[in-house]
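Asker: what's the 3D shape of this:
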Amino acid sequence: MSSVTNLRRSNGVTILSFFFVFGSLMSGLTAMMLIFRGGMLEPLWKLNPRARDSFAAMGPWALLLMAVVCFACASAAVGLWRLTRWGFWTALVILAANLAGDLTNALIGGDWRTLIGLPIGGLMLAYLIRQRRAFVR
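Answerer: Numbers count the residues shown, from 1 in each chain. Next up, the predicted model:
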């Protein structure tokens, strides 16, 4: 990567890139927990037992979902880091889908805790849109 690219990437875009790295790692960890049920990672489900129940209800689709999320987040992280247009759009779609999911979980699922994600995701989405001119290739 050239030093010119490093100068154009704002701190905020760098932080967003790391956010998507974290998302990729967590969704990958969840996929591993789904593959190796009852293994050494099993105690981690105590952090969010509702997620375990929800994934169990989805059956094998849960693993596919986590694999797709892992790949999408990793792609967004790399694309944002490199300031590519596809990275911008990938991150934008992921953030928008997450906002829609949080709103749906609150309104239809009655899980009002998901509303905390709306202002956070909204701010990240707004920031990314404001930075759209940085993504030139």
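Asker: residues in contact with whichever strand or helix holds Asp102?
Answerer: According to DSSP states H and E, Asp102 maps onto helix 85-107. For helix 85-107, contacts defined as C-beta atoms under 8 Å, 6 or more residues apart in numbering pick out 16, 20, 23, 72-73, 75-76, 78-81, 111-112, 114-115, 117-118, 121-122, 124-125, 128-129, 132, 135-137. To be clear about C-beta, it is placed using only N, CA and C from the backbone, and glycine gets the same treatment.
Asker: cutoff 6 Å now
Answerer: 72, 75-76, 79-80, 111-112, 114-115, 117-118, 121, 124-125, 128, 135 (C-beta atoms under 6 Å, 6 or more residues apart in numbering).
Asker: Helices of the protein, start to end?
Answerer: For the chain, the helices defined by DSSP state H occupy 3-8, 11-35, 49-58, 60-81, 85-107, 117-130.
Asker: what distance separates the third one from the middle of the whole chain?
Answerer: With C-alpha atoms, centre = their mean, to the nearest Å as the basis, helix 49-58 stands 18 Å off its chain's centre.
Asker: give me every residue that touches the residue positioned nearest the centre of the chain.
Answerer: Central residue of the chain (C-alpha atoms, centre = their mean): Gly23, 4.4 Å from the mean position. Residues near Gly23 by C-beta under 6 Å, 6+ apart: Cys73.
Asker: how close does it sit to Arg52?
Answerer: According to C-beta to C-beta, to the nearest Å, Gly23 and Arg52 sit 19 Å apart.
Asker: circling back: looking at the contacts of helix 85-107, which has the smallest pLDDT value?
Answerer: Lowest pLDDT among the contacts of helix 85-107: Asp111, with 79.
Asker: Return the distance of that residue relative to Phe36.
Answerer: 27 Å.
Asker: go on, Ala134?
Answerer: As for Ala134, its distance to Phe36 is 40 Å (criterion: C-beta to C-beta).
Asker: now do Met124
Answerer: 32 Å.
Asker: Show me which of the two is the more surrounded one.
Answerer: Met124 (21 against 11; other C-beta atoms under 10 Å).
Asker: Could you find the closest non-adjacent residue to the more buried one?
Answerer: Leaving aside its sequence neighbours, Met124 sits nearest to Leu95 (C-beta to C-beta, 6 or more residues apart in numbering; 5.6 Å).
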